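Visitor: my questions are about this predicted structure, shown below with the sequence.
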Amino acid sequence: MIGLPSNTRVWIVAGHTDMRKGFDGLAAMVQTALTANPFCGHVFVFRGKRGDILKVLWFDGQGLMLLAKRLERGRFVWPQATAGGISLTPAQLSMLLEGIDWRMPVRTHEPLLAA
């Protein structure tokens with residue numbers, strides 16, 4: 001994934017999106033579904049109905065960037081909400097893009113607290 005500026009917020013657009021939409025259609029969805037400005041520098045993530053395709057819309061200051069990812073096996077974990085948006089951290093976005101359940105990641109080791 002391209003490195004995002006530290007103040008960038010990541011938004012999941014809840015529900016299912018028609019993956020035939022491009023720059024303009026997804027930007028319009030950001031405006032209507034989230035009442036947000038698609039040119040604000042935040043990252044907006046959309047998922048198709050089958051759950052194996054994601055599209056990411058981001059304005060980097062010069063223009064809109066549209067990234068797409070299709071999983072060969074499995075599905076992207078998506079919230080049950082059908083409208084609105086959910087904020088993610090950049091780390092959660094990385095997990096989502098890897099097909100990991102970003103809602104409840106499990107550590108392989110719990111660090112011990114020093115007394």
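Guide: Okay, I see it.

Visitor: so the residue nearest to the spatial centre of the chain, which state does it fall into?
Guide: Nearest to the mean C-alpha position of the chain, by CA atoms, centre = their mean, lies V45 at 3.2 Å. Of the three states, V45 takes strand under DSSP: H, G, I helix; E, B strand; the rest coil.

Visitor: residues in contact with it?
Guide: V45 is in contact with 10-13, 54-57, 88, 93, 96, counting by CB atoms under 8 Å, 6 or more residues apart in numbering. The way it works is simple: take the backbone N, C-alpha and C, and place the C-beta from them, glycine included.

Visitor: pretty sure V56 sits in a strand.
Guide: Yes - the assignment for V56 by three-state DSSP puts it in a strand.

Visitor: tell me the spacing between it and L88.
Guide: 11 Å (CB to CB, to the nearest Å).

Visitor: could I get the contacts of V45 as JSON lines with neighbour count, pLDDT and distance to L26?
Guide: Below are the contacts of V45 laid out as JSON lines (neighbours: other CB atoms under 10 Å; pLDDT from 0 to 100; distance: CB to CB, whole Å):
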{"residue": "V10", "neighbour count": "22", "pLDDT": "92", "distance to L26": "15"}
{"residue": "W11", "neighbour count": "21", "pLDDT": "93", "distance to L26": "12"}
{"residue": "I12", "neighbour count": "25", "pLDDT": "91", "distance to L26": "13"}
{"residue": "V13", "neighbour count": "24", "pLDDT": "91", "distance to L26": "8"}
{"residue": "L54", "neighbour count": "22", "pLDDT": "94", "distance to L26": "12"}
{"residue": "K55", "neighbour count": "19", "pLDDT": "96", "distance to L26": "6"}
{"residue": "V56", "neighbour count": "20", "pLDDT": "95", "distance to L26": "9"}
{"residue": "L57", "neighbour count": "24", "pLDDT": "96", "distance to L26": "5"}
{"residue": "L88", "neighbour count": "19", "pLDDT": "87", "distance to L26": "17"}
{"residue": "L93", "neighbour count": "20", "pLDDT": "87", "distance to L26": "16"}
{"residue": "L96", "neighbour count": "23", "pLDDT": "87", "distance to L26": "17"}
